[in-house]
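Chemist: Build the 3D model from these lines:
(2 chains)
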Amino acid sequence: MIPILSIMIFVPIIAAILVYFIGRYSIKGARIFALIVSTIILLFALYSYARVLESGAGQDILFEEGPWDWIPTFSGVDYHLGIDGLSAPLILVSAFLTVLVVLGSWELIQTRQGLYYALILLFAGSVIGVFTSLNLLLFYVFWEIVLIPMFFLIGIWGGSRRKYASMKFLLFTYVGSIIMLLGFIILYIFAAPTFDIKDLSIVQIPFWVQTIVSIATFIGFGVKLPVVPFHTWLPDAHVEAPAPISVLLAGVLLKMGGYGFIRVNVTLLPEASAEYGWIFIIIGIFTMFYGALVALIQKDLKRMIALTSINHMGFVLLGIFTLNLYGISGAIFQMFNHAVAIGLLFMLSGYIHEQTGTREIPLLKGLKDKIPRTSTLLVLASMAGMGVPIFASFLSEYMVILGAIYYDIRLAVSMLIPAITVGYFLWMLRRTVMSPVENKESNHLHDIKTFSLIHLTLYLIPLVILLIMPWLILNMTDQFAESLISLIGR
Amino acid sequence: MDTPILLILILGSTALIIPAINLILKREKQGKAAAVISIISLSLSLLLIIYQSVLTPLDLKPSSSLLFRNDLMGLFFAFSVIIVSLFVTIASLDYMKNQPNESVYYSLILFTSLGMSLLAFSVDLILIAVSWELMSIPTYILTGFKKQDSKSNEAAIKYFIMGSLSTGAILYGISLVYGMTGTTNLFRIVEESGRIANDFYPMGILAMLLLVAGFGMKMSIVPFHAWIPDTYEGAPTTISALLSAGTKKSAFVIAIRVFVIALPVLQLDWQLTFAILSLLSMTFGNIAALTQKKITRMLAYSSIAQAGYMLIGLTVALKSDFGLTGVLFHVFTHAIMQTGAFLVAAVVAKNIGSVDLDSYKGLGSRMPFTSFTFIFILLALAGVPPLNGFWSKLVLFTGAIDGGFTWLAIAGLLNSAFSVGYYAWIIKRMYLDEGEITKVNESSIFKVVLISITIIIVITGIFPGPIYEFARLAVANLN
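Modeler: Predicted coordinates:
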């Protein structure tokens, strides 16, 4: 059998080295090679996704590789991969976004391109590693590798405060993940001498261990997600990063946090998650309100989008810890939709910055007349961000809110969030797209080329498809969530 | 035949012969010839050690004489320090080019390597003292090798005084142990311990403290660390690599042998002592490293912090299997990383003429090759997976929790997180900051050394199994 998952991880990592050397001779060659590699990975991801969907058993682990001993005498340190109804959608969306990011960088990135595409591929490979690892230590290894390319991508190609942003990003996430590692080691010593997720999920872990470990992992995953006390790296990193990298940050990197919460906190520490779930839910609600309200007052378009990310990831946290079918399934769905929608928004902010020279909302006027194509896409993307029922983001937010109300009727307060989100998006659109043009002479702006129009439109396709046929994803996430809930109820 | 005796033959004879080159060859050729002979001799020793440990680990005679013990522990440490010496020697080929007395320099490196390897195999307190001196005295001279440079002289004098004190402390400690037990052989001490009267308990504490202080000075742990930054800064940078990656590690093997084999029988609570020293070293080392403006001093403090991590393993040596394995593992990984870091500092100092951290600004485009390898070395030092530094720290921290010192593991992990601040800061300087743009010539010798080190870091990071197994077996066969 072909080890599909290993191929998806290591082909991009090895290709990264090749891209760097190709880039020294031909920039075009590097771009095309990166595109080919990422497309191949996307095809593999689609294939594995289809297989999970077709199997009709989202709770089962497919394409399992291993466990193979990594350090034979250090028991429990294995190389163990596999995908199920939780990881398949996230792998698909990361592979999808990687292709689009490679396409989107052709116009927006002009310096040191060989290195740039090499780092993107390294990132892509290691992220798939995070989503497929079934061993906590392997998971941690990939989790940390992800940081390194991201540090350079923000630091080298970022905006004016890029050094500050990249250092802050690195330190925050590194400290968070070290604390997470502490939780893993405690699990290893006090629960069972193994790091294997499959083995650990069978073991009855003492409640006090569960409690300590969930605090540690909450910090690790919470920094990535991000939840509110640990979120301050996010606006800086997202704003300073170039637009395609913001797509990867918001679309892929943040998902690692949500994935970790489900894979580790809910799966391995079910009693602690059930007992203390209300704390996480309150933090989730707080995160949503914080993101939405702070986004309301932003003047920088990109910062506003970054805070929308915080707002949307609050939905994920809320959904996960309701610990019911709607919540968990909705949270996975929400992660998928958010990745695509926020990706398009970030790309558009990059293009708008490129075309008008600014991202300040008050300075952007009359975009409807100046750059009609971009404006149309911005309106559509905002609708995806708001959760208007022409895109799948509506469904996922609806599911999470439904799950929250099932958990506790008072959580209906979360219904306010979409209202605020709609509010600030519409206000932003009114000021930028719909406003009258002030000075006619600056009408020489170039609108995006047809090529960009096409690849930006690609972002919207999954959102439309999933609105019409939500079973394409829910069939696997529902089963996954059901098996998880039965595990908790045990 | 015994590995240590073969090593005496190989390394000792070459070390004695090398200065004679001065009589035969012209001045320009002396250095190169001496270096090549040293490299051959060190490579032979390395091959011998690998041969012994890979092909005949089970045929090793546990104790062929009362002075040496030809075991895997000794082989492991000899392996680590000889690799370091080999890299340092190769790098010196470029770094010391056309300096006065080159052949003596190489001869001294061989002597100190011999001292380090003998120390790894010693199980007798007298031989420990002798090898300790054989290891130390050449490094005093090497530290002051740039005799026109006042910093180098200051470093050497400071090092010499501290070194003599530590030797004195060790000898005093040994004499007390001898007085109590009537023997200097470590295994005999264990046997004789039954006869020690309870009145000797205070003397036991004194002996332990003296030994901790004596070894601790070389192990670079707080509060015996004061000489470290000055010496590492003043010494020729290749020698700093040898000191921090080589001699320091030998102090650890002796600490393991003495404290883990012999001293438990005295029933002293050295574990808490080590735990506190470890906490102090980690915290102080990392905080001080963050404030440094010179790379050599920063690496010196980082080496103090790393010694603190290793002490975690010694602390739990008797309680967890991971403890000592972690120490050995970290000794090896840190030896490689630290050699690499100091050699990068050496090549930068030689070509740019500065050890200031500010001169690393924009180094990524000035010295692309060196900077690229430095990324791996720094990330490994910070403990980022999948590089080797991650695994050894993981084993150490797992050991700490396993051995009931959870607070020490938390302190270690937080320190490790803290340390990424200054390691990443160098990467930031090299790649994100703008500096001068003139290209700097990177010599092929350094390129070879640095790429080998990087490959070892990556390979042992991705496949940590063999080296972990080596360390584990060495610990399992300790007694």
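Chemist: switch to C-alpha atoms for all contacts and neighbour counts from now on
Modeler: Fine.
Chemist: just so I have it, where are all the helices in the stretch 201-350 of chain B?
Modeler: Using DSSP state H, counting those that start in this stretch, the helices of the stretch 201-350 of chain B run over B:201-219, B:227-234, B:237-242, B:248-255, B:270-290, B:295-315, B:321-352.
Chemist: excluding its backbone neighbours, what's nearest residue 93?
Modeler: Using chain A. residue A:336 (6.4 Å; C-alpha to C-alpha, 6 or more residues apart in numbering or on different chains).
Chemist: not what I meant, chain B
Modeler: Nearest residue to residue B:93, sequence neighbours excluded (C-alpha to C-alpha, 6+ apart): residue B:35, at 6.3 Å.
Chemist: so what's the one you found up against?
Modeler: Contacts for residue B:35 (C-alpha atoms under 8 Å, 6 or more residues apart in numbering or on different chains) come out as B:89-90, B:92-93, B:103, B:106.
Chemist: next one: the helix or strand harbouring residue A:116 to chain centre, how far?
Modeler: Secondary structure assignment for residue A:116, by DSSP states H and E: helix A:113-132. Offset of helix A:113-132 from its chain centre (C-alpha atoms, centre = their mean, to the nearest Å): 14 Å.
Chemist: which strands and helices sit next to it?
Modeler: helix A:4-25, helix A:27-55, strand A:78-83, helix A:87-108, helix A:136-157, helix A:254-260 (3 or more C-alpha pairs under 8 Å, 6 or more residues apart in numbering or on different chains; DSSP states H and E).
Chemist: Could you tell me the angle between the fourth one and strand A:78-83?
Modeler: Relative orientation of helix A:87-108 versus strand A:78-83 (axes from the mean of the first three to the mean of the last three C-alpha atoms, to 10 degrees): 90 degrees.
Chemist: tell me which helix or strand of chain B sits lowest on mean pLDDT?
Modeler: Least confident helix or strand, chain B: helix B:186-192 with a mean of 81, by mean pLDDT, DSSP states H and E.
Chemist: swap that for chain A, sorry
Modeler: That would be, for chain A by mean pLDDT, DSSP H and E, helix A:367-370 at a mean of 82.
Chemist: how about it as PDB, C-alpha atoms only?
Modeler: In PDB, the C-alpha atoms belonging to helix A:367-370 read as follows (Å, rounded to 0.1, in the frame of the first residue of the first chain):
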ATOM      1  CA  LEU A 367     -13.800  51.300  -4.600                       C
ATOM      2  CA  LYS A 368     -16.900  50.300  -6.400                       C
ATOM      3  CA  ASP A 369     -16.100  52.600  -9.200                       C
ATOM      4  CA  LYS A 370     -12.300  52.400  -9.100                       C
END
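Chemist: next one: the least confident helix or strand of chain B to chain centre, how far?
Modeler: With C-alpha atoms, centre = their mean, you get 28 Å for helix B:186-192.
Chemist: In it, which residues are buried?
Modeler: Buried residues in helix B:186-192, counting neighbours by 16 or more other C-alpha atoms under 10 Å in any protein chain shown, are found at B:186-190.
Chemist: what about residue A:63, which SS state?
Modeler: strand (DSSP: H, G, I helix; E, B strand; the rest coil).
Chemist: which residues are contacting the next helix or strand after the least confident helix or strand of chain A?
Modeler: As assigned by DSSP H and E, the chain's next helix or strand after helix A:367-370 is helix A:372-386. The set of residues external to helix A:372-386 that reach it, using C-alpha under 8 Å, 6+ apart, is A:308, A:338, A:341-342, A:344-345, A:348, A:351-352, A:367-368, A:390-394, A:418, A:421-422, A:425, A:429, A:433, A:447-448, A:453, A:456-457, A:460, A:463.
Chemist: ok, 7 Å please
Modeler: Here helix A:372-386 makes contact (C-alpha atoms under 7 Å, 6 or more residues apart in numbering or on different chains) with A:341-342, A:344-345, A:348, A:367-368, A:391, A:393, A:418, A:421-422, A:425, A:433, A:447-448.
Chemist: which one of these has the most neighbours?
Modeler: residue A:344 (31 neighbours; other C-alpha atoms under 10 Å in any protein chain shown).
Chemist: wait, isn't residue B:224 in contact with residue B:214?
Modeler: No. Here residue B:224 does not reach residue B:214: they are 8.7 Å apart, not a contact under C-alpha atoms under 7 Å.
Chemist: More neighbours: the two, which one.
Modeler: Shown here are residue B:224 and residue B:214; by other C-alpha under 10 Å, residue B:214 has more neighbours (26 against 21).
Chemist: I figured the more buried one was touching residue B:170, is that so?
Modeler: Yes. Under the criterion of C-alpha under 7 Å, residue B:214 makes contact with residue B:170 at 5.1 Å.
Chemist: give me the residue from chain A nearest chain B.
Modeler: residue A:71 (4.4 Å; C-alpha to the nearest C-alpha).
Chemist: picking up where we left off before, what's the closest of the helices of the stretch 201-350 of chain B to residue B:426?
Modeler: Comparison of these against residue B:426 by C-alpha to C-alpha identifies helix B:295-315 as nearest, at 9.1 Å.
Chemist: which other helices and strands contact the closest one?
Modeler: Applying 3 or more C-alpha pairs under 7 Å, 6 or more residues apart in numbering or on different chains; DSSP states H and E, we find helix B:295-315 packed against helix B:227-234, helix B:270-290, helix B:321-352, helix B:388-402.
Chemist: low-confidence ranges in chain A?
Modeler: A:439-444, A:489-490 (pLDDT under 70).
Chemist: Kindly report the residues of it close to chain B.
Modeler: Selection of chain A residues close to chain B by C-alpha under 7 Å from any C-alpha of the partner chain yields A:70-73, A:141, A:144-145, A:155-156, A:163, A:171, A:174-175, A:178, A:185, A:189.
Chemist: Out of those, which end up buried?
Modeler: By neighbour count, with 16+ other C-alpha under 10 Å, the residues of chain A next to chain B hold A:70-71, A:141, A:144-145, A:155-156, A:163, A:171, A:174-175, A:178, A:185, A:189 as buried.
Chemist: Need the max-distance pair from those residues.
Modeler: Farthest-apart pair in those is A:156 and A:189; separation 40.6 Å (C-alpha to C-alpha).
Chemist: Now for whichever residue of chain B sits closest to chain A: which residues touch it?
Modeler: Nearest to chain A in chain B, going by C-alpha to the nearest C-alpha, is residue B:465, at a distance of 4.4 Å. Applying C-alpha under 7 Å, 6+ apart to residue B:465 gives the contacts A:70-72.
Chemist: how does it look with 6 Å?
Modeler: residue A:71 (C-alpha atoms under 6 Å, 6 or more residues apart in numbering or on different chains).
Chemist: Stretch B:208-217: how far from the chain's middle?
Modeler: Offset of stretch B:208-217 from its chain centre (C-alpha atoms, centre = their mean): 17 Å.
Chemist: ok, and what's touching that stretch?
Modeler: Defining contact as C-alpha under 6 Å, 6+ apart, one finds that stretch B:208-217 is touched by B:166, B:169-170, B:173, B:224, B:251.
Chemist: quick one: which two of those residues are the most distant?
Modeler: Maximum distance among these (C-alpha to C-alpha): 16.4 Å, for B:173 and B:224.
Chemist: Need the nearest residue in space to the residue of chain A closest to chain B, chain neighbours excluded.
Modeler: In space, and not counting its chain neighbours, residue A:71 is closest to residue B:465: 4.4 Å by C-alpha to C-alpha, 6+ apart.
Chemist: Can you give me the distance of the one you found to residue A:76?
Modeler: 13 Å (C-alpha to C-alpha, to the nearest Å).
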